[in-house]
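>>> Next input, structure requested:
(3 chains)
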Amino acid sequence: MSDPRPDLAPEPGLSRDDMEALQSEIADAAVFADDFSFDVDAVTSSRRDDRQSTQTTLSESSTPATSSDDDQTLENPPIVAGVDQSFLGDDRALSAVVAMQAGEVIERVHAVTPLEIPYVPGLLAFREGGPILAALEELSIDPDLLLFDGSGRIHFRQAGIATHIGVVRDVPSVGVAKSLLCGEPIADTEGLAAGERVPIEADSSVDASAGTLLGYAVQTRQYDSPDRHINPLYVSPGHRVGPETAAALVQALASTYKLPEPVRLADSYAEEAKGLVD
DNA sequence: GCGACAG
DNA sequence: ATCTTGTCGC
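Residues are numbered from 1 along each chain as shown, chains lettered A, B, ... in the order given. From the prediction side, this is the model:
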């Protein structure tokens, strides 16, 4: 059981070398394996009333679901929050957080802060970490899991934005990127079928032994026609979540769209919230 | 020197 | 990320 590490928060004023050194500390403090208490199977993108009772089949052939654990899961499903940013003008960032529970939005918050530094591949957390931490402070509920629009362990120093914020807040987190920052898929990722995934391993650009499993290319949706295809999502552990679970969670949270619902809604809310600023 | 690079 | 026209498909 670790603790929050506000001392490791991303400071935009650091030199590049210091930023990279801090990321190495983050990677050392991160846990890239399952270490949480919520029930992964209770995480869904659809509302309980709307989804098929596939559970019925299971309980009929076994013991009726009467354990206190099941009751607790049914009455108090995990809270998953999606985080995403949008930009105002070119000197302020708006970070939006959408918290969901059992497929329902239970809270939406946002924060606006000035941008301190430009975007540099590998140092995203130092540009957007401030706004994100500010937005998370506005949250009245505390999430069981954070989903970020960006990498987690799939990062040069194994400390992408999902890992950085996850460690600072000590909350289980997962990175969901729309393109690959580094690492190497072990197989072709073109035209995968929905539900398929391909391991992403560390290459020479990553500060990890070659071959280390960094995450997965996850195909949440795919077209039927072979003409055109949808690119996969690049999912990696942020903190306290292993690679397989990270992929499974994203798969479970994706419904009609490619992006998992909490991130998709945070994305649109980040845009919508621009309207109530200034 | 060149390439490659989340959002 | 943001700026934008055009195009494919249900």
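>>> Give me the below-cutoff pLDDT ranges for chain A.
Within chain A, the segments meeting pLDDT under 70 span A:48-74.
>>> interface residues of it facing DNA strand C?
By the criterion of CB under 7 Å from any atom of the strand, the positions of chain A lying close to DNA strand C are A:Gln85, A:Ser86, A:Phe87, A:Asp149, A:Lys178, A:Asp224, A:Ser225, A:Asp227, A:Arg228, A:Asp267, A:Ala270, A:Glu271. C-beta coordinates here come from the backbone N, C-alpha and C atoms, glycine included.
>>> Stretch A:240-247 near DNA strand B anywhere?
No. Judged by CB under 7 Å from any atom of the strand, stretch A:240-247 makes no contact with DNA strand B; its nearest approach is 14.0 Å.
>>> Show me the contact partners of that stretch.
Around stretch A:240-247, the neighbours that count as contacts under CB atoms under 8 Å, 6 or more residues apart in numbering are A:31-36, A:40, A:145, A:152-153, A:166, A:170-175, A:197, A:199, A:213-216, A:218, A:235-238, A:249.
>>> and those residues, which of them are in strands?
If you go by DSSP state E, the contacts of stretch A:240-247 have A:145, A:173-175, A:197, A:199, A:213-216, A:218, A:235-238 in strands.
>>> Can you narrow those down to the ones near DNA strand B?
When CB under 7 Å from any atom of the strand is taken as the criterion, the members of the ones in strands among the contacts of stretch A:240-247 that contact DNA strand B are A:Gly175.
>>> Report the secondary structure state of the closest residue to DNA strand C within the stretch 151-278 of chain A.
With CB to the nearest atom of the strand as the measure, A:Asp227 is the residue of the stretch 151-278 of chain A nearest to DNA strand C, at 4.9 Å. When classified by DSSP: H, G, I helix; E, B strand; the rest coil, A:Asp227 comes out as coil.
>>> List buried residues within the ones in strands among the contacts of stretch A:240-247.
The neighbour count (16 or more other CB atoms under 10 Å) marks A:145, A:173-175, A:197, A:199, A:213-216, A:218, A:235-238 as buried among the ones in strands among the contacts of stretch A:240-247.
>>> so which pair among the residues you listed is furthest apart in space?
Across these, the two members that end up farthest from each other (CB to CB) are A:Leu145 and A:Pro199, 21.9 Å apart.
>>> Please enumerate the helices of chain A.
Listed in chain order, the helices of chain A (DSSP state H) span A:16-29, A:54-61, A:68-75, A:124-138, A:161-169, A:243-253, A:261-272.
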